[in-house]
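**Q** only geometry, no sequence info:
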């Protein structure tokens with residue numbers, strides 16, 4: 001195995017919504033053989049159908065295999081998540097202020113903050 005060596009693998013996919021197929025495809029297996037990927041994708045897709053199998057080229061770097069590029073789906077926060085994040089940020093800011101004022105972790109723990 002050499003640095004920057006390339007290798008084709010086969011990725012079996014499922015869908016995040018296996019009822020109606022309104023979700024997006026996500027990988028369930030990365031296989032050396034197309035036949036293996038097809039076997040693992042069997043019955044794993046929308047309404048029990050066979051999942052798609054797609055080739056992907058990997059590059060060896062430091063003894064490990066990496067896709068040349070990787071796309072990720074970022075899950076956006078809900079309104080409840082945004083409110084909870086605001087509360088968490090405010091709590092962290094208050095703790096930082098308390099520490100700046102001289103309170104120790106032990107004192108914050110007594111107050112039930114940590």
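**A** Now that the structure is in, tell me what you want to look at. All figures in this text were calculated on a predicted structure; none of them were measured in a lab. Numbers count the residues shown, from 1 in each chain.
**Q** quick one: the strands in the chain?
**A** For the chain, the strands defined by DSSP state E occupy 6-15, 25-31, 53-61, 64-66.
**Q** Which of the helices and strands in the protein ranks last by mean pLDDT?
**A** For the chain, counting by mean pLDDT, DSSP states H and E, strand 64-66 ranks last in confidence among helices and strands (a mean of 89).
**Q** returning to that earlier point: out of the strands of the chain, nearest to residue 45?
**A** Proximity to residue 45 (C-beta to C-beta) singles out strand 6-15 among the strands of the chain, at 5.8 Å. (Each C-beta comes from the backbone N, C-alpha and C, glycine too.)
**Q** list the buried ones in stretch 21-31?
**A** Judged by neighbour count (16 or more other C-beta atoms under 10 Å), stretch 21-31 contains these buried residues: 29-31.
**Q** any idea which of those is closest to residue 56?
**A** residue 30 (7.4 Å).
**Q** Just grab the bridge partners of the closest one for me.
**A** Judged by DSSP bridges, the bridge partners of residue 30 are residue 11.
**Q** Let me see the contact set for it.
**A** Counting by C-beta atoms under 8 Å, 6 or more residues apart in numbering, residue 30 makes contact with 9-11, 37, 56.
**Q** among these, who's most crowded?
**A** residue 37 (25 neighbours; other C-beta atoms under 10 Å).
**Q** Go ahead and confirm it touches residue 28.
**A** No: assessed by C-beta atoms under 8 Å, residue 37 is found out of contact with residue 28, at 9.2 Å.
**Q** where do the contact lists of the two overlap?
**A** residue 12.
**Q** How far does the top helix by length along the chain sit from its chain's centre?
**A** Ranked by residue count and defined by DSSP state H, the top helix of the chain is helix 79-100. Offset of helix 79-100 from its chain centre (C-alpha atoms, centre = their mean, to the nearest Å): 25 Å.
**Q** Which strands or helices does that helix pack on?
**A** If you count contacts as 3 or more C-beta pairs under 8 Å, 6 or more residues apart in numbering; DSSP states H and E, helix 79-100 packs onto helix 105-110.
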